[in-house]
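# mind looking at a prediction? Sequence and model below.
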Amino acid sequence: MERFIPKKEPVLKKKMPIIYIFSLGYFSIITLGAILLMLPISTRGANLNLLEAYFTATSATCVTGLVIFDTYSKFTFFGQLIILILIQIGGLGFMTLLTALPLITGKRVKIRDRLYIQDSLSLFHTGGSVRILKRTIAITAFFEFTGSIILMTRFIPKFGVKNGIWMGIFHSISAFCNAGFDIMGRVTPFSSVTYFQNDIVVYTVLMTLIFCGGLGFIVWNEIIDKKNNFKKYTLHTRVMLVVSFALIFISAIVYFICDYNKSLKELPLIHKIGASFFQVITPRTAGFNLVPISEMSSASKFMTAFLMFVGAGTGSTGGGVKVTVFSIMVFSMISYFKRSQDVNIFDRRIEDKVIRKVFSSATIYLTLAVVGSFLIAAIEEIGVFDIVFEVFSALGTVGLTTGITAQLNSISKIILIILMFCGRVGSLTVFMTFILKDKKALLRYPTGKIMV
């Protein structure tokens, strides 16, 4: 009688979770960018060392804008081009460009690719994800092309045809992607766009690009579909539009009052108003500055740090804790004070799991900011506020600085690199990457009481 031996079932290889691909993808792009920036063809004068290259590549890919060197003074055209490509990849998102390849090659978009699109653009579901991806690329191209053409009309008369065209393209992409890199070192190193503080066309175009890039592609998709019918917008879009405009207008008024005789002192009234709006839009994670940060009042610097914390929209080119997260936190507090059982926004109830995610994300974000600030303060002999400002700028992928970036030692720069990476990939995403398994509780413990 033959002995029956059961056949072994084939072991199916588990595919790498999206969260790992997302993190490793950004790290790979940063590493490749750092290698290219270390090439002699990329720089003027001495080559970058490994840390300097990684810092610059991380800042570009994470669309931050913090720099050790003035971009124009240090980098050749090739180096500036590498930085711009990294900005574009970081702005659109690594996963967005990866999943766009099947569309370009004419291949069928698989279910897993649709999941990548959903995760990269922060969509609610995979339905219509390919259509939204196409629109995302089209919207990006439209804004960056239009911005480039308008900026060229101002740059070509001042810098010549070849330089004016390149500067228009570079600053349009940098603004829409909320990167904050500039090549205005041609005029004055580390000056950002202060040279054009009296040119209403230049700074209006830049802050429009920053705002549009920071709204998020989900919002733009709904605006295209539903035009100006506000009632038909989803809750996400309504919150993004209302809270974004409220933050901008309130902050601009506060900045105008606080800095009327400070950083705005030398400007005519029309440009005082323009600069006020510019300086509260750029902390949405863009990183350009129209007035020197060192000349701003302490109150305005504090408000700027707060705006860097809030950041831009989910699924946008910007960073920060996100406008929707901040909105839910505010409405949660309002709900508590009103003794309401639910958190309601525009006659819609927010799910408990979303509220838990919001406060978890904000807590991790603030924890990273506190730990980063503490470590740098323990290493450097620099004013605490300057350090906190720098940390929020790095973590919020903003790029505004009080001027201490180049002064920091190697360890402090590594801390900023980590913070920039966490800020772009997402602090909660980075934290979840290190959790191996999603363990489901098999039992629930008895309720305990804690005084709050």
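Sure, I can see it.
# flag the shaky bits of the stretch 251-400 of the chain, pLDDT-wise.
Along the stretch 251-400 of the chain, the model assigns pLDDT under 70 to no residue.
# also the stretch 101-250 of the chain?
Using pLDDT under 70, the stretch 101-250 of the chain drops low at 101-129.
# try it again at 80.
Residue ranges of the stretch 101-250 of the chain with pLDDT under 80: 101-133.
# Thr367: what secondary structure?
Using DSSP: H, G, I helix; E, B strand; the rest coil, the structure places Thr367 in helix.
# residues near it, how many?
Under the neighbour criterion other C-beta atoms under 10 Å, Thr367 is assigned a count of 12. From N, CA and C alone the C-beta is placed, and that goes for glycine too.
# enumerate every residue touching it.
With contact set as C-beta atoms under 8 Å, 6 or more residues apart in numbering, Thr367 has no partners.
# Val391 versus that one, what's the distance?
Distance of Thr367 to Val391, given as C-beta to C-beta, to the nearest Å: 12 Å.
# all helices of the stretch 51-200 of the chain, in order?
71-74, 77-92, 94-105, 111-120, 129-159, 161-176, 200-215 (DSSP state H, counting those that start in this stretch).
# and the stretch 201-350 of the chain, by the same measure?
Going by DSSP H, counting those that start in this stretch, the stretch 201-350 of the chain shows helices at 217-226, 235-258, 269-281, 298-310, 323-337.
# in TSV: these, plus distance to Val354.
Listed next are the helices of the stretch 201-350 of the chain as TSV, based on distance: least, C-beta to C-beta, whole Å:
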stretch	distance to Val354
helix 217-226	15
helix 235-258	11
helix 269-281	27
helix 298-310	18
helix 323-337	7
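# Thr411 touches Ala378, doesn't it?
Not quite, residue 411 is Ile, not Thr. No: if you go by C-beta atoms under 8 Å, Ile411 and Ala378 don't touch, sitting 9.8 Å apart.
# quick one: which of the helices of the stretch 201-350 of the chain is nearest Ile382?
helix 298-310 (14.6 Å; C-beta to C-beta).
# that closest one: which residues count as buried?
Neighbour-count burial for helix 298-310, with 16 or more other C-beta atoms under 10 Å as criterion, is recorded at 300-301, 303-305, 307-310.
# picking up where we left off before, as a markdown table, the helices of the stretch 51-200 of the chain with mean neighbour count would be great.
Shown next, in a markdown table, are those (neighbours: other C-beta atoms under 10 Å):
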| stretch | mean neighbour count |
| --- | --- |
| helix 71-74 | 20 |
| helix 77-92 | 21 |
| helix 94-105 | 17 |
| helix 111-120 | 19 |
| helix 129-159 | 18 |
| helix 161-176 | 22 |
| helix 200-215 | 22 |
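# need those in TSV (columns: distance to Lys322).
Below are the helices of the stretch 51-200 of the chain laid out as TSV (distance: least, C-beta to C-beta, whole Å):
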stretch	distance to Lys322
helix 71-74	28
helix 77-92	16
helix 94-105	17
helix 111-120	15
helix 129-159	18
helix 161-176	18
helix 200-215	10
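# for those, which one sits closest to Ile270?
helix 200-215 (7.1 Å).
# wait, Ile210 sits on Ser174?
No: using C-beta under 8 Å, Ile210 is not in contact with Ser174, being 9.6 Å away.
# what sits in contact with each of the two?
By C-beta under 8 Å, 6+ apart, no residue touches both Ile210 and Ser174.
# ok, the residue nearest to Asn198 when sequence neighbours are not counted - contacts?
The spatial neighbour of Asn198 that comes closest, neighbours along the chain excluded (C-beta to C-beta, 6 or more residues apart in numbering), is His271 at 5.6 Å. By C-beta under 8 Å, 6+ apart, His271 lies in contact with 197-198, 200.
# closest to Ile382 among those residues?
Gln197 (27.4 Å).
# what sits against that closest one?
So Gln197 contacts 203, 267, 271, 275, 290-291 (C-beta under 8 Å, 6+ apart).
# likewise Leu416?
55, 66, 372, 376, 390-391, 394, 405, 408.
# mind checking which of these are in helices?
Using DSSP state H, the members of the contacts of Leu416 that fall in helices are 55, 372, 376, 390-391, 394.
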